[in-house]
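1. Here's my sequence, what's the structure:
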Amino acid sequence: MKFPIRFLVASMLAAGCSQPQKSIVAGDLESVPSKFTHSPLVKGLYTADPSAHAFEGNIYIYPSHDIETEVEEDEMGSHFDMKDYHVFSMEEPGGEVTDHGIALKLEDVPWASRQLWAPDAAEKDGKYYLYFPAKDKADIFKIGVAVSDRPEGPFTAEPEPIPGTFSMDPAVFPEGEDYFLLFGGIWGGQLQWYDDQELVEGRKGPTDGIPADEEKALMPYIAKLDGSMKALAEKPRELLILDQSGDPIKAGDHARRFFEAAWMHKFDGKYYLSYSTGDTHFIVYATGDNPYGPFTYQGKVLEPVEGWTNHHSIVEFEGKWYLFYHDTELSGKTPLRNIKMAELTHMPDGTIRTINPMN
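-> Numbers count the residues shown, from 1 in each chain. Sure, this is the predicted structure:
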């Protein structure tokens, strides 16, 4: 989601809060502009990084909330200056999208200083948990959790971030009684500032700590959550992504290496790890035999969108699968995005049919 300006400029050359229960726009999957394959789901405000879930018979979407800001652009993404979260829902794909209003605000997170970036949510025993990244008082990304009795919130944040977490882009994968937290992102996400999960003093820039091209790429992390859903039950483990030869994806392989936005789903007994490649603008995926991996790279989920960033989720609803993502159709500006959805197809051999967001 976040990136150095020099890459934004090259890519661009190449390529108000609502009230609760307000219907924003019908998410019509058929009536679309000629340039874009899919229509924005929300037009009342700017939204990005959509995490979608099937809760209580509806689709609930947990995006970040882009805003216009006076914060100057820098190579760590400070101009992505999000300050709150809205939750959206729809009864069916293509149906009316409802904005449930502000679910959590920056000032209600005691430990956070700025930048409420991409969140995710989970349900357990009738409680709903919103997982979110923010920079702490030392300007270091941590991952927090907030709790509600309703999927739309409002959510009450825990007073401290989850111990043992770092970087950003949390995503929760539920399986049976277990819940796994995935996280991590390079450049603006600060993952490159850590060695063996310890912050290295002196690393400050977007590429400080990035491995050499021929070295193993940085990978996302996973850890099982404990029964409270507010803490980790174990030390995070690296999610290893391999090529078809069984070798780890290299840092210089920008078309396949992990950048940010890890997401996991399960289909036909296989575990699918999907993620953004960042500066090459793909959503890609790898498959494995268990949530801890290793995962073998398979191909692309989504071709590049209009705008530099992308961040997605994949959800099953009433027997069909859907991809949620964002682009910049409404604004034409990378920091002001809008969320979209598309039907996703698993092929008979288990591969995913690549989706093209542009006609």
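2. tell me which residues in the helix or strand that contains residue 299 are buried?
-> Under the criterion of DSSP states H and E, residue 299 resides in strand 295-302. Buried positions in strand 295-302, judged by neighbour count with 16 or more other CB atoms under 10 Å: 295, 296, 297, 298, 300, 301, 302. Backbone N, C-alpha and C define where each C-beta goes, glycine included.
3. Kindly report the same for stretch 254-271.
-> Buried residues in stretch 254-271 (16+ other CB under 10 Å): 254, 256, 257, 258, 259, 260, 261, 262, 263, 264, 265, 271.
4. OK, contacts around the residue lying closest to the fourth one once chain neighbours are set aside?
-> Spelled out, that is residue 258. Taking CB to CB, 6 or more residues apart in numbering, and ignoring the residues beside it in sequence, residue 258 has residue 275 as its nearest neighbour in space, at 5.1 Å. Counting by CB atoms under 8 Å, 6 or more residues apart in numbering, residue 275 touches 220, 258, 259, 260, 261, 262, 263, 283, 284, 285.
5. Before we move on, what's the pLDDT of residue 275?
-> In the predicted model, residue 275 carries a pLDDT score of 99.
6. wait, is it part of a strand?
-> Yes - assigned with DSSP: H, G, I helix; E, B strand; the rest coil, residue 275 falls within a strand.
7. which residue ranges form the strands in the stretch 201-350 of the chain?
-> 221-224, 237-238, 241-242, 260-267, 270-276, 283-288, 295-302, 313-317, 320-327, 338-344 (DSSP state E, counting those that start in this stretch).
8. now those as JSON lines including distance to residue 60?
-> Output for the strands of the stretch 201-350 of the chain, formatted as JSON lines (distance: least, CB to CB, whole Å):
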{"stretch": "strand 221-224", "distance to residue 60": "23"}
{"stretch": "strand 237-238", "distance to residue 60": "29"}
{"stretch": "strand 241-242", "distance to residue 60": "29"}
{"stretch": "strand 260-267", "distance to residue 60": "16"}
{"stretch": "strand 270-276", "distance to residue 60": "20"}
{"stretch": "strand 283-288", "distance to residue 60": "21"}
{"stretch": "strand 295-302", "distance to residue 60": "21"}
{"stretch": "strand 313-317", "distance to residue 60": "9"}
{"stretch": "strand 320-327", "distance to residue 60": "11"}
{"stretch": "strand 338-344", "distance to residue 60": "13"}
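9. out of the ones you listed, which comes closest to residue 113?
-> Residue 113 lies closest, by CB to CB, to one member of the strands of the stretch 201-350 of the chain: strand 260-267, at 20.6 Å.
10. Could you tell me how many residues sit around residue 120?
-> Counted with other CB atoms under 10 Å, the neighbours of residue 120 add up to 26.
11. likewise residue 98?
-> Residue 98: 21 neighbours (other CB under 10 Å).
12. tell me the SS of it?
-> Assignment for residue 98 (three-state DSSP): strand.
13. Bridged to it, which residues?
-> Bridge pairing for residue 98 (DSSP bridges) gives the partners residue 23, residue 89.
14. Per-residue confidence, it, what does it come out as?
-> 98.
15. so it sits right up against residue 87, yeah?
-> No - in this structure residue 98 lies outside contact range of residue 87 using CB atoms under 8 Å: 9.2 Å.
16. Quick one: residues in contact with the strand holding residue 299.
-> Contacts of strand 295-302 (CB under 8 Å, 6+ apart): 239-244, 246, 249, 256, 271, 273-274, 282-288, 310, 312, 314, 323, 325, 344, 351-352, 354-357.
17. all helices for the stretch 1-150 of the chain, in order.
-> 5-14 (DSSP state H, counting those that start in this stretch).
18. residues contacting the residue of the chain most remote from its centre?
-> Distance to the chain centre peaks in the chain at residue 245, reaching 28.2 Å (criterion: CA atoms, centre = their mean). Residues near residue 245 by CB under 8 Å, 6+ apart: none.
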